[in-house]
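Novice: Kindly return the folded structure for what I paste below:
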Amino acid sequence: MATDAEKIADILRFSPSACVVVEDGIIKGANAEAIDVSRVPRNRLVGAPLSDFVVDDAKGEIEALLNHQGEALKVSHVRMAAGLKPIELVSRRLTARLLVVALRHMDLEHRMSALAGGHLTHDKATGLPDRFHVLENLYDRLTLTPGQPLALIAIWIDDLESLRTERGDRVAQKITRQVGERIQARLRGPDLVGRLDQAAFLALLTSDSDLEQLKEIADRLRNEVSFPVEVDGVLVSFTASVMVASIGVKRPSLERVLSRLEAVGRKAAASGGNRTELFTM
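Specialist: Residues are numbered from 1 along each chain as shown. Next comes the predicted model:
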């Protein structure tokens, strides 16, 4: 009877597509195609937990995949931690402890979804690119176009959850949708705006404006997006906070940018909002 090691070697040798073999959540082997699809070196991939290579939001999906029993295939769509690239995982249980997991790029599907505003890349509530699509675009701009001028504008709806509690989901959703439309109306063709989280948006600008010019843009945008929204004949007032970042030729990592965004968001919330923050990276 073949040992587990022999089974793993045979699967990797004869698999027609990218795959890894997982034992108790740990990747025990990967073929060359899996290295290419995952964009992770073999010495980092093999021996590490499968969940290490996906974004935090997808770790529950990985747990469900690892716990899936029976002969049926389990299909999961996740984002890789490296570059936030979309990937499809199809798992099949080989033994009680071994799983074979096939990997496939979903770049084409996501490009088509982006063109059509489809559910793979766009937020249902606002019709704008969702968090992972806008962050994937930010990652690409940080890493693939180092010479292109880049600026970021993040917009938070202050106290959105308080409005939701006081006036209901419908009011909060309409405010969110209106703010998204107002931001999008101010952007130019090469710029991109999407959801950052439930109360925040992130705009990626192709811009070499200095901080003073960016501040003027941000202040105007903050006033425009926080204009009261009419719901059932009643004007609902709210404020917004805006962060502007100018990114130079020496590009920061996506992780550093996200860390700074989160810090600014916390500072705006703690100070009562209705403010503009500026910085360079």
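
Novice: CA only for contacts and neighbour counts going forward, please
Specialist: Fine.

Novice: Name the nearest residue to the residue nearest the centre of the chain, sequence neighbours excluded.
Specialist: Taking CA atoms, centre = their mean as the criterion, F132 is the residue nearest the geometric centre of the chain, at 1.9 Å. Counting by CA to CA, 6 or more residues apart in numbering, the nearest residue to F132 once its immediate chain neighbours are dropped is L84, at 6.8 Å.

Novice: Could you export the helix or strand hosting V264 as PDB, CA atoms only?
Specialist: Assigning secondary structure by DSSP states H and E places V264 in helix 254-270. Provided in PDB are the C-alpha atoms of helix 254-270 (Å, rounded to 0.1, in the frame of the first residue of the first chain):
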ATOM      1  CA  LEU A 254       0.300  48.300   0.600                       C
ATOM      2  CA  GLU A 255       0.500  47.300   4.200                       C
ATOM      3  CA  ARG A 256       2.000  50.600   5.300                       C
ATOM      4  CA  VAL A 257      -0.600  52.600   3.300                       C
ATOM      5  CA  LEU A 258      -3.500  50.600   5.000                       C
ATOM      6  CA  SER A 259      -1.900  51.000   8.400                       C
ATOM      7  CA  ARG A 260      -1.800  54.800   7.900                       C
ATOM      8  CA  LEU A 261      -5.400  54.900   6.600                       C
ATOM      9  CA  GLU A 262      -6.600  52.900   9.600                       C
ATOM     10  CA  ALA A 263      -4.700  55.300  12.000                       C
ATOM     11  CA  VAL A 264      -6.200  58.400  10.300                       C
ATOM     12  CA  GLY A 265      -9.700  56.900  10.500                       C
ATOM     13  CA  ARG A 266      -9.300  56.200  14.200                       C
ATOM     14  CA  LYS A 267      -8.000  59.700  14.800                       C
ATOM     15  CA  ALA A 268     -10.900  61.300  12.900                       C
ATOM     16  CA  ALA A 269     -13.400  59.200  14.800                       C
ATOM     17  CA  ALA A 270     -11.900  60.100  18.200                       C
END
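
Novice: if I pick the residue nearest to D123 when sequence neighbours are not counted, what's in contact with it?
Specialist: Nearest-residue entry for D123: D130, 4.8 Å, with adjacent residues in sequence omitted and distances by CA to CA, 6+ apart. Each residue near D130 by CA atoms under 8 Å, 6 or more residues apart in numbering is listed here: T121, H122, D123, G194, R195, L196.

Novice: Would you mind giving me the confidence score for the third one?
Specialist: By that I understand D123. At D123 the predicted local distance difference test score is 94.

Novice: Number the chain from 26, please
Specialist: Yes, from this point I'll number from 26; that puts the last item at D148.

Novice: Now it: phi and psi?
Specialist: Dihedral pair for D148: phi -80, psi 130, per degrees, to the nearest 10.
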